[in-house]
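Asks: Have a look at this prediction, sequence included:
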Amino acid sequence: MRRTALTIAGSDSSGGAGIQADIKTMMANGVYAMSAITALTAQNTTGVTAILNATPEFLGQELDSVFTDIFPDAVKIGMVSERELICVIAEKLKQYQAKNIVVDPVMVATSGARLISEDAIDTLKQELFPLAAVLTPNIPEAEELTGMHIEHADDMIAAAKKIAEQYHCAVLCKGGHQLNDANDLLYFDDHYQWFCGKRINNPNTHGTGCTLSSAIASNLAKGYNLETSVERAKDYISGALAAMLDLGAGSGPMDHGFAIINKYTQEEED
Ligand SMILES: Nc1ncnc2c1ncn2[C@@H]1O[C@H](COP(=O)(O)OP(=O)(O)OP(=O)(O)O)[C@@H](O)[C@H]1O
Ligand SMILES: Cc1ncc(COP(=O)(O)O)c(N)n1
């Protein structure tokens, strides 16, 4: 039977991050994708110009519609910018006993735009983190969550441990951007494991965080354990970066469809 996954996140009009990246990733990873949209963003590869949040009532109705019909085998949570929206998500996830929850604590876009209000970060920690199977902060997010300064690989271990112990969940601290790009640290069950990838020299990294967390959720939905899901997700994102899609004037999107070459696309590609 086809496995299913739900993304609860914001829409990116340029299609490289957010809901659009999540759905493309889930499809490319072989699961049926569903969405509950928390916000519309007017955004492209150079920046975010406007954000329109869903109302908490509407988000609740989206979640009811999904959970009462096609129950997701995994849930990925991305951009949620307001406290009331976070509370509705937590309430519904508990009500429906959602499983395999991956929380990407999205705070700032690659382009620099802030995607969560300051006061919502505490609510995110209190309401959503304890429900997560795994949290996937990047280095600035891990710094914000711990108050620590992360400069070396050892700092990533210490920060991930601190977050994991505080919220009783696994933590994948992503090395991207600042430190060592392709090396991510998974802290779980009182130990850690590095997932080392080959750094791909591609400036187009818009949506890497969304893509990685959705690929992890997809693999959890298919029944893989956490370590295997992270390994497979890294393999997928490396392929999407290595395809060297080059679109837009800023940090462009990856090629989420790099692995889906079939009779409908082959003729045009040749
Ligand atoms: N140049 C690169 N080559 C290979 N892998 C990369 C590269 N840059 C990032 N990654 C990988 O992409 C994944 C996402 O990490 P990253 O730190 O970019 O997340 P993020 O900062 O949340 O992303 P974003 O905010 O851009 O969406 C990680 O597995 C990371 O190792
Ligand atoms: C709707 C939405 N969600 C998440 C991100 C973060 O992705 P990135 O940091 O790659 O811009 C984004 N830009 N837009």
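Replies: In hand now; what should we look at? Ligands and ions are numbered 1, 2, ... in the order given.
Asks: in the stretch 151-270 of the chain, which spans are helices?
Replies: In the stretch 151-270 of the chain, helices defined by DSSP state H, counting those that start in this stretch lie at 153-167, 208-221, 226-242, 263-269, listed in chain order.
Asks: Identify each buried residue in the longest strand anywhere in the chain, please.
Replies: The strand that spans the most residues within the chain, counting by DSSP state E, is strand 32-44. Within strand 32-44, the residues scored as buried using 16 or more other Cβ atoms under 10 Å are 32-41, 43-44. (C-beta placed from N, C-alpha, C; glycine too.)
Asks: Now flag whichever of those is closest to Ala50.
Replies: Among those, Thr41 lies closest to Ala50 (Cβ to Cβ), at 7.0 Å.
Asks: Return the residues of the stretch 151-270 of the chain in contact with ligand 1.
Replies: Taking Cβ under 6 Å from any ligand atom, the part of the stretch 151-270 of the chain that reaches ligand 1 is made up of 174-177, 181-182, 184, 197, 199-200, 202, 205, 207-210, 212, 234, 237-238, 241.
Asks: Sort out which of the residues you listed are buried, if you could.
Replies: With neighbours counted by 16+ other Cβ under 10 Å, these contain buried members at 174-176, 181-182, 184, 197, 200, 202, 205, 207-210, 212, 234, 237, 241.
Asks: Could you check how far whichever helix or strand Leu63 is part of is from the centre of its chain?
Replies: Using DSSP states H and E, Leu63 maps to helix 56-67. Chain-centre distance of helix 56-67: 20 Å, with Cα atoms, centre = their mean, to the nearest Å.
Asks: Does that helix pack against any helices or strands, and if so which?
Replies: Contacts defined by 3 or more Cβ pairs under 8 Å, 6 or more residues apart in numbering; DSSP states H and E place helix 56-67 against strand 4-12, strand 32-44, helix 83-95.
Asks: residues making contact with stretch 239-256?
Replies: 14-17, 21, 24-25, 28, 44-47, 110-111, 200, 202-208, 211, 237, 258-259 (Cβ atoms under 8 Å, 6 or more residues apart in numbering).
Asks: what's in contact with whichever strand or helix holds Val102?
Replies: Secondary structure from DSSP H and E places Val102 in strand 101-103. Residues outside strand 101-103 that contact it (Cβ under 8 Å, 6+ apart) are 74-77, 93, 124, 128-129, 131-136, 213-214, 216-217, 220.
Asks: Tell me the residues on the stretch 151-270 of the chain that lie near ligand 2, please.
Replies: 206-210.
Asks: Need those in a markdown table (columns: pLDDT).
Replies: Output for those, formatted as a markdown table (pLDDT from 0 to 100):
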| residue | pLDDT |
| --- | --- |
| His206 | 94 |
| Gly207 | 95 |
| Thr208 | 95 |
| Gly209 | 95 |
| Cys210 | 97 |
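Asks: what's the closest of those to His191?
Replies: Within these, distances to His191 taken as Cβ to Cβ reach their minimum at Gly209, with 24.0 Å.
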